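A.B. asks: give the three-dimensional model of this entry:
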Amino acid sequence: MPADVLLVAVGIGIGAILTVALERLRRGRTPQVERSTPSPRPYDNDRTQLVLAALPFAAFLVDEGGFVRFINAAAEQLFRIDARKSLGQGMIAVVPSVVLERQVLAAIAGEGSTRDVVIADRARELTLGVTACPYEGGAVVVAADRSDLVALEHVRREFVANVSHELRTPLSAMKLMMETVLLSDDDVEARTLFLPQIEHEVERMIRLVEDLLELARSESGNLPLRRERFDLTEVAAAVVNTFAGRSASLGVELELEAPEEVYVDADRHRLTQVALNLVDNALRHTPNGGTVAIEVGGDDQTAFLRVRDTGSGIPYGDLPHIFERFYVVDRSRSRGHGGTGLGLSIARHLVELHGGTISAESVYGQGATFTCALPASAAPAVAAPPVP
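C.D. replies: From the prediction side, this is the model:
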């Protein structure tokens with residue numbers, strides 16, 4: 001079980017554990033002679049504080065009036081508070097959440113509970129698994145940060161929904177076309193019309209599955225890199241040759257700008273795949289009469305491969321998301337352009353596997369520029385000519 005999942009599982013069940021532990025602490029006290037002074041409160045119990053201080057989760061002790069009497073170090077870090085300034089304040093003043101405040105008051109009244117609480121401010125949003133249980137007139141509150149797990153679950157659900165959509169749509173179309181062909185009783189016109197479309201949809205689904213497998217391998221870190229030292233211009237030139245026919249048929253000028261040799265120590269095949277994805281994306285969004293340029297350059301520290309186009313560009317609000325899986329700026333045009341919505345995501349992961357970065361710049365309606373920055377490598381030493 002992954003460590004983060006284990007921590008959350010412990011956090012969810014922490015209320016029961018704390019209840020048992022604190023009850024044992026209370027029972028283990030030495031009986032005292034009855035006197036007029038009040039009995040010790042939870043915040044006076046050093047052993048209770050030691051237990052809560054050792055927890056890897058945020059923990060609070062709250063008295064019967066709802067005032068915070070103890071805060072552990074994990075709570076200070078999670079909520080970005082100073083325990084010395086927060087002690088003696090109400091729970092809602094320390095952690096501004098009405099939902100959490102009600103949960104704590106219910107625990108003080110004897111009703112323990114475990115639930116998710118969302119706390120948001122201008123800088124961040126936290127999803128917390130909070131357990132509040134009664135303890136000696138007050139309450140013990142423990143909170144585990146579940147934000148990363150909730151985000152991952154959201155990504156998983158979105159990913160499954162996107163894959164289902166991308167597969168269901170062509171499958172439904174293929175089923176309808178095949179039924180038409182089967183019912184047409186050797187109608188040559190129907191076969192001529194529908195069979196090529198069925199073949200096109202099958203090829204698109206094959207590309208989608210291949211891209212999904214490639215993305216899974218790159219994200220898992222299990223994609224081996226066969227590194228070699230080579231001139232990045234060689235990759236750019238090969239990609240230009242690959243797309244020469246397609247760019248000519250689209251009426252788009254494809255240019256190569258590589259004034260000097262730029263060496264990298266990388267996997268030639270994987271970087272070629274990155275360049276192919278970027279140029280393919282540029283061609284799909286550049287109209288007739290436009291230009292797509294591949295530029296190679298760099299210095300002693302960094303090599304870059306840049307793809308510029310004069311196409312439709314990317315809206316400002318979409319720029320932060322274009323490297324996400326299945327993210328499409330104009331979904332109404334994506335199917336006609338033949339993309340799977342995974343090319344840019346694959347490119348990002350492949351570049352990052354090389355220790356590099358990929359970025360995008362665009363002014364909507366004026367084209368886009370994608371830049372891959374990679375660690376540069378020294379040019380190979382030139383062997384001295386043999387002495388005659």
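A.B. asks: mind giving me the packing neighbours of the helix or strand hosting residue 148?
C.D. replies: Using DSSP states H and E, residue 148 maps to helix 147-183. Helices and strands touching helix 147-183, as assessed by 3 or more Cβ pairs under 8 Å, 6 or more residues apart in numbering; DSSP states H and E, comprise helix 3-12, strand 125-135, helix 188-220. Bear in mind the C-beta positions are built from the backbone N, C-alpha and C, glycine included.
A.B. asks: any idea how far the longest one is from the chain center?
C.D. replies: A distance of 26 Å separates the centroid of the chain from that of helix 188-220, by Cα atoms, centre = their mean, to the nearest Å.
A.B. asks: about what we covered before: out of the helices and strands packed on helix 147-183, which one sits most buried?
C.D. replies: Burial among these, expressed as mean neighbours by mean count of other Cβ atoms under 10 Å, is greatest for strand 125-135, which shows a mean of 22.
A.B. asks: partners of that one in the sheet?
C.D. replies: Within its sheet, and counting by DSSP bridges, strand 125-135 is paired with strand 113-120 (antiparallel), strand 138-145 (antiparallel).
A.B. asks: state the distance from the closest residue to residue 367 other than its chain neighbours to residue 371.
C.D. replies: Counting by Cβ to Cβ, 6 or more residues apart in numbering, residue 367 lies nearest to residue 310, which is 4.4 Å off, once chain neighbours are set aside. With the distance defined as Cβ to Cβ, to the nearest Å, residue 310 ends up 16 Å from residue 371.
A.B. asks: again, but for residue 121
C.D. replies: Look at residue 121 and residue 371: by Cβ to Cβ, they are 34 Å apart.
A.B. asks: higher neighbour count, these two?
C.D. replies: Counting neighbours by other Cβ atoms under 10 Å for residue 121 and for residue 371 shows that residue 371 has the greater number, 17 against 9.
A.B. asks: the more buried one is in what secondary structure piece?
C.D. replies: Assigning secondary structure by DSSP H and E places residue 371 in strand 368-375.
A.B. asks: can you check residue 228 too?
C.D. replies: strand 227-231.
A.B. asks: now residue 273
C.D. replies: In this structure, residue 273 is located in helix 268-284 according to DSSP H and E.
A.B. asks: could you give me the buried positions within that helix?
C.D. replies: Of the residues in helix 268-284, 268, 270-284 count as buried by neighbour count, 16 or more other Cβ atoms under 10 Å.
A.B. asks: rewinding a little: ok, the strand holding residue 228: who's next to it in the sheet?
C.D. replies: strand 263-267 (antiparallel).
A.B. asks: the strand it pairs with vs helix 268-284, what angle?
C.D. replies: Interaxial angle of strand 263-267 relative to helix 268-284 (axes from the mean of the first three to the mean of the last three Cα atoms, to 10 degrees): 100 degrees.
A.B. asks: what does strand 263-267 contact?
C.D. replies: 225-232, 271, 303, 354, 374-380 (Cβ atoms under 8 Å, 6 or more residues apart in numbering).
A.B. asks: buried subset of the residues you listed?
C.D. replies: Neighbour-count burial (16+ other Cβ under 10 Å) applied to the contacts of strand 263-267 gives 230, 231, 232, 271, 303, 354, 374, 376, 377.
A.B. asks: tell me which of these is nearest to residue 90?
C.D. replies: The shortest separation between residue 90 and any of the buried ones among the contacts of strand 263-267 is 52.4 Å, and it belongs to residue 354 (by Cβ to Cβ).
A.B. asks: and which of the buried ones among the contacts of strand 263-267 is nearest to residue 48?
C.D. replies: Nearest to residue 48 among these: residue 354, at 52.0 Å, using Cβ to Cβ.
A.B. asks: now do the contacts for the closest one.
C.D. replies: If you count contacts by Cβ under 8 Å, 6+ apart, residue 354 has them with 225, 264, 266, 267, 270, 271, 374, 375.
A.B. asks: tell me the one of these nearest residue 214?
C.D. replies: Using Cβ to Cβ, residue 270 comes nearest to residue 214 of the contacts of residue 354, at 9.8 Å.
A.B. asks: ok, now how distant is the closest one from residue 250?
C.D. replies: In this structure, residue 270 and residue 250 are 26 Å apart, going by Cβ to Cβ.
A.B. asks: got it, and residue 109?
C.D. replies: When Cβ to Cβ is the yardstick, residue 109 and residue 250 sit 71 Å from each other.
A.B. asks: swap in residue 137?
C.D. replies: With the distance defined as Cβ to Cβ, residue 137 ends up 76 Å from residue 250.
A.B. asks: who's more crowded, those two?
C.D. replies: When residue 137 and residue 250 are compared for neighbours, residue 250 comes out ahead with 18 against 14, by other Cβ under 10 Å.
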